[in-house]
Every structure is written in C-alpha cells, then in structure tokens.
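> dropping the sequence and predicted coords here.
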Amino acid sequence: MLTKVFGSAVFGVEATTITVEVNVDIGVGYHLVGLPDNAIKESNYRIAAALLNNGYKIPGKKITLNLAPADLRKEGSAYDLTLAMGILTASGQIQSENLDRYIIMGELSLDGSLQPIKGALPIAIKALEEGFKGFILPNENAKEAAIVEGLEVYGVENIAEVIEFFDKGTPLERTIIDIQEEFYKNLDFPEFDFSDVKGQESIKRCMEIAAAGGHNIILIGPPGAGKTMLAKRLPSILPPMTMHEALETTKIHSVVGKIKNMGLMSERPFRRPHHTISDVALVGGGAYPQPGEISLSHNGVLFLDELPEFKRGVLEVMRQPLEDREVTISRARFTVTYPSSFMLVASMNPSPGGYFNDPDSPVTSSPAEMQRYLSKISGPLLDRIDIHIEVTPVPFEKLSEDRKGESSVAIRHRVTAAREIQTQRFSELENVHYNAQMNTKQIRVHCKLDDASKTMLKNAMERLNLSARAYDRILKVARTIADLENAEEVNGNHIGEAIQYRSLDREGWLG
C-alpha cells in the first residue's frame, strides 16, 4: 500500500515542501531513498523503538520510503514523525483520510516523545502558501509556528497524540497566540537602560546619532571606561521593529533553532561573538549552510568587543556584508542568501596596554606600538564605520551621583522621530530606509552643502587625510544630526559635529 505524508526542508531562510512516499509490499527490507543524510538514515532505529513503546511496530515487510524531490539533499532528524506516520498508515495499522492535509514534523525519542525542530516558522509560512490545513510539530516549536495566521498549528508531546488524532479523531489542542501582544510586550521596559549610565553625555549623544541613522560606530577607550556597558544599551534606543522586521528576524533565528517557546521576537537582537570566532561562524556557511552571527544580528546590533583581537581575515569578510547588507553563500549545487542588515558596534583599547599615551596611566605604549596595534584593523574596514569616538573614564564625582540619567525610552522617542523623517524621505526606494543605507547618488541629493560647510569639510579631509568613503560617511552622519533637529538642510554645525566623529581615523589618532 502506498501512502504520502508531507514534511518540509529549509534552505537558507526559505522552506521547501517534501513529499514522503511510503510503500509497503511483499518481501523484507527497509529502503530509504531521496538523498537523506546520516541523521535521517538512522531514523529507523528511533522509529522502531518509539512505535514499539506505544503499542505499534514496523511491519516485517519490504518498506520503501522516498523523500521527494529525490535530487534535493535532506538533513536533520525532524523527519522521524513524518516517516513514522507514513509507515503506520501504509501498513494499515492506522486509518487516516486527511493525512495529506497536514505538514508533520518532529524528532522522536525512543519512548515516542517529541524533540524540538529547527525552522518551524519558515515551514509554517510555506505550508500556508501551499494550502495545507495545519501543521503538527513538537510542543516547544508551536508558538513560533502559530505566528502564521490562517494555519492550524498543533503542538504535541508524544507520537501517541498524533496517532489518536488521525486514527480515532481525538482532537488536539490548537496553539493560538496574540501577535500584537507578543509584539509589544517588554517594549517600554528594556533590560539594559541608559538611565543606569553615569556621565558619558557625549558618548550617549553619539549613540543617539548612531541609532537614529543606523550608523556603525567604534568606541575607543581604556579598560573600565564603559564601552561594553554603553554598547549593551544601544538596542534599547533603537526604534521598535516593524511587524515585517520582527517576522524576518524570527525566521532567521528559527532556522538555527533559537526560538523555543518564544513566539515572535519583539526585541532587536544583540549578538556578541567571542574574538576567537572563525570567519564561517561569523558570516555563515558550512557543509549545510547555516546563518552566521552577522545574519543573526539582522535588524539588530552586532557587538565586536576588543576589535583588534579578532583575526584579520575574520574582520575582512565583513566588508562586503556591511556594504550589501546580505550574505550569499555559494555551493556547487545551490546558493543561499541570508539578510544581514545590522548595526556594527565595535570597541577597542587605544593601545596594547589598554591605555592611551598618558604618563599617569598604569601601562604606557609608544607611538610605534600603538601604530602596530591599530594596524590590525584595515583602513577599508574603518572607512565602513561611520562614527569613531573616544571614550574616557568617568570621574568619581559622576559615578557617586544619585541622580539617574535620561531613560532609554525618552531617547528612543527622538530616535524614532528622526527615523520617521528618513522613512518618508526614502519612501519611494525599496532598499533604503535610513541614512546609513544611502548610496553616493542619494547623498548628493539629500546632503547638499553651502560654501562655508564645503570649506570646513575640505579642510578636515586634507588635515585628517580621509578617503572618499569617509567623506560620504561624514555627510550621512551630518544628515542624521539634522534629522534629530528636524532641520531641512544640512548646515555647518551639523558638519562640524560629524567631523568630530571621524577624528579617530588612524592618522588623526596618532598624529
């Protein structure tokens, strides 16, 4: 007897429906075809034990299972439940007339309980697109799949529940979530708040500008100056994610299995990889490509602490994603593209000893040592960072103050207002949403300067020996400063402040 059951495979951040064909015939043997990986090939042992422990068995006949399309590589253990239901139906142990109306996925334990799977959200989106009635999957993944409205999502704990649902009509409890409630919870109560930061008013101003325009930023200062503390609070002042951004971000995290029992991601991601990370782990890839840290930071913040400690090759692979805001991973038989529109926040000490060229500091470094240390970061990468700012230690008087600083919520209101101006400005452009994404042509249109501002910028370019890319960065940052003031045109004050945030270019820093 031939039975068809439906599962799904995830490639990149998109799902492809897989038809599992199960044929039980006279003879002996278990044949699994359709390019399965080792995890799928081992499924027959898990299925046999799970069925036996729930009063069923794999029949002693010739069983042929085909995962179609057969030329597409399948991986992972999430097909256990799909294969098991196909075997039970094809062998006549259960009767089901509506098996083909559901996507069924889940990894089986030997007692029949279900383990969570990866990629539940893209699978649910694809199931709705292709007209399936529902999606049956492990209970831990039910919330993320239930984000998709119009699809019946059933989270189950054990294969016995699935068998009774199809064979005896025993109803399953449908998972329903309030997307709006999920989306807006915790919005005004960030875990890390700028009100906890003592002093550092100029750095907070930089952070506000960076958040308002989506600019990359690097913080340079001695140990204990508050670089990490400030970076951790940046997501709290970024504008709330739109529903589209939340779905896109949740989909990426779903692919790597990081959304268990979470539902929709409402907070912007903050990723902080260790400096020993490899280039593949940062960008993404592998034999079966997976998103890297820069894609997991999509619509959020990627924080690289102690930037010069990262291997130079690892940092250089970020140059293209920082420009294109996506990562394309090519293999011989397929290509996947992951979005990677993130804000880069980097921090570093000004010298190997951690302190600037200060005779009163505990450790001093010569200009030659500092040059060697800073040369670990390439000029092209520094050019792609819009704002360079020096962070100085907070004096005791500020640390001991009882007065709290301005809250993240108050700063976020100003940032959101500036972003709304940019959204209207770029409303007719598909891939530009805020100032940091402007190309050269758009900069010329939206960042026109008067003669005095041009002279000021020309002098700064010559004195700091800045590149043409740095020129564009200054104009972008100046445009953001103008937006925060709700100013129509960029003026000399905006340019002057923006130039300050390029003063840590290598030659200016050492000269």
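Perfect, thanks for sending it. Quick caveat, the model's predicted, so the values are computed rather than measured.

> hey, let's count contacts and neighbours off CA atoms from now on
OK.

> and the helices in the stretch 351-500 of the chain?
Listed in chain order, the helices of the stretch 351-500 of the chain (DSSP state H, counting those that start in this stretch) span 367-374, 379-383, 396-399, 408-425, 440-446, 451-464, 468-484, 492-500.

> for the first one, buried residues please.
Neighbour counts over helix 367-374 (16 or more other Cα atoms under 10 Å) mark 370, 371, 373, 374 as buried.

> tabulate those residues in CSV, adding columns for pLDDT and distance to residue 332.
Formatted as CSV, those follow (pLDDT from 0 to 100; distance: Cα to Cα, whole Å):
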residue, pLDDT, distance to residue 332
370, 71, 44
371, 73, 42
373, 75, 39
374, 72, 38
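
> list just the nearest of those to residue 101.
Taking Cα to Cα as the measure, residue 101 lies nearest residue 374 of these, at 59.9 Å.

> from residue 78, how far off is residue 251?
17 Å (Cα to Cα, to the nearest Å).

> show me what contacts residue 437?
Going by Cα atoms under 8 Å, 6 or more residues apart in numbering, residue 437 touches 214, 431.

> what helix or strand does residue 136 sit in?
For residue 136, the host element (DSSP states H and E) is strand 134-138.

> buried ones in that strand?
Buried residues in strand 134-138, counted by 16+ other Cα under 10 Å: 134, 135, 136, 137, 138.

> report the residue spans of the protein with pLDDT below the cut-off.
Applying pLDDT under 70 to the chain picks out residues 182-189, 353-365, 396, 399-400, 503-511.

> wait, what's in contact with the residue most central in space within it?
In the chain, the residue lying closest to the centroid (Cα atoms, centre = their mean) is residue 296, at 2.3 Å. Residue 296 makes contacts with 249, 252, 253, 269, 271, 340, as judged by Cα under 8 Å, 6+ apart.

> ranking the helices of the stretch 351-500 of the chain by burial, who's on top?
Comparing the helices of the stretch 351-500 of the chain on average neighbours per residue, with mean count of other Cα atoms under 10 Å, the densest one is helix 468-484 at a mean of 24.

> now for that one, which elements pack on it?
helix 201-213, helix 379-383, helix 408-425, helix 440-446, helix 492-500 (3 or more Cα pairs under 8 Å, 6 or more residues apart in numbering; DSSP states H and E).

> dump those into CSV; add distance to residue 28 as well.
Formatted as CSV, those follow (distance: least, Cα to Cα, whole Å):
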stretch, distance to residue 28
helix 201-213, 65
helix 379-383, 62
helix 408-425, 65
helix 440-446, 68
helix 492-500, 76
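
> residues of the one helix or strand residue 229 maps to that come out buried?
Assessed by DSSP H and E, residue 229 sits inside helix 227-233. Residues 227, 228, 230, 231, 232, 233 are the ones in helix 227-233 that count as buried (16+ other Cα under 10 Å).

> on that earlier part again, can you name the element that comes right after the strand holding residue 136?
helix 142-145.

> quick one: name whatever helix or strand follows that following helix.
Criterion used, DSSP H and E; the element after helix 142-145 is strand 152-156.
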